[in-house]
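Enquirer: Turn this into a structure:
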Amino acid sequence: MYKDKVVLCGASAYEQKYYFNQDFSALPQQIKDELQIMCVMYTEEIGGILTLEFDEEGNLQFQVEALEADAMFDDIGSVLRIKELQKTKKELLESLELYYRVFFLGEGMEE
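Expert: Numbering: from 1, shown residues only. This next block holds a predicted model:
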């Protein structure tokens, strides 16, 4: 069903906006809120654009973009912050991957 990457959510420091993919509207509000806080805080602290995307296998990836002219973007801080989020939000991120694999990729439903 899904062959390309699917964006779960994202935030932009440039537009000061948050995006949430409505295909995931069935997620509990607490999880949606946690994702929003995580993305917005990242862009406030580091800058640039952060998106959380599922790859073809259902792994949740952190994608970061920054304008070349953005002298305020913190490359090193970005890597460190993402590692910290992957560690502190491990349970949330793994649960989202499982949710995506079951409800979007149909894994585990054949049995």
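Enquirer: the strands in this protein, which residues?
Expert: Remark: strands assigned in the chain by DSSP state E are 6-12, 17-20, 49-54, 60-65.
Enquirer: Dump those into TSV; add mean neighbour count, distance to residue 29 and mean pLDDT as well.
Expert: Bear in mind the C-beta positions are built from the backbone N, C-alpha and C, glycine included. Converted to TSV, the strands of the chain look like this (neighbours: other C-beta atoms under 10 Å; distance: least, C-beta to C-beta, whole Å; pLDDT from 0 to 100):
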stretch	mean neighbour count	distance to residue 29	mean pLDDT
strand 6-12	20	14	97
strand 17-20	15	11	98
strand 49-54	22	17	98
strand 60-65	15	19	97
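Enquirer: Residues in contact with the longest helix anywhere in the chain: which ones?
Expert: Secondary structure assigned by DSSP state H gives helix 29-45 as the longest helix of the chain. Helix 29-45 has contacts (C-beta atoms under 8 Å, 6 or more residues apart in numbering) with 8-13, 18, 20, 24, 49-50, 52, 74, 77, 81-82, 85, 89, 92, 95-96.
Enquirer: Dump the strands of the chain into CSV; add distance to residue 102 as well.
Expert: Listed next are the strands of the chain as CSV, based on distance: least, C-beta to C-beta, whole Å:
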stretch, distance to residue 102
strand 6-12, 14
strand 17-20, 20
strand 49-54, 12
strand 60-65, 14
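Enquirer: Just tell me which of those strands ends up closest to residue 28.
Expert: strand 17-20 (13.0 Å; C-beta to C-beta).
Enquirer: hey, C-alpha coordinates of that closest one in PDB?
Expert: Listed next in PDB are the C-alpha coordinates belonging to strand 17-20 (Å, rounded to 0.1, in the frame of the first residue of the first chain):
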ATOM      1  CA  LYS A  17       4.400  25.900  11.900                       C
ATOM      2  CA  TYR A  18       3.700  22.300  12.900                       C
ATOM      3  CA  TYR A  19       2.300  19.700  10.500                       C
ATOM      4  CA  PHE A  20       0.600  16.400  11.500                       C
END
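Enquirer: which residues touch that strand?
Expert: 7-11, 32, 35-36, 39-40, 51.
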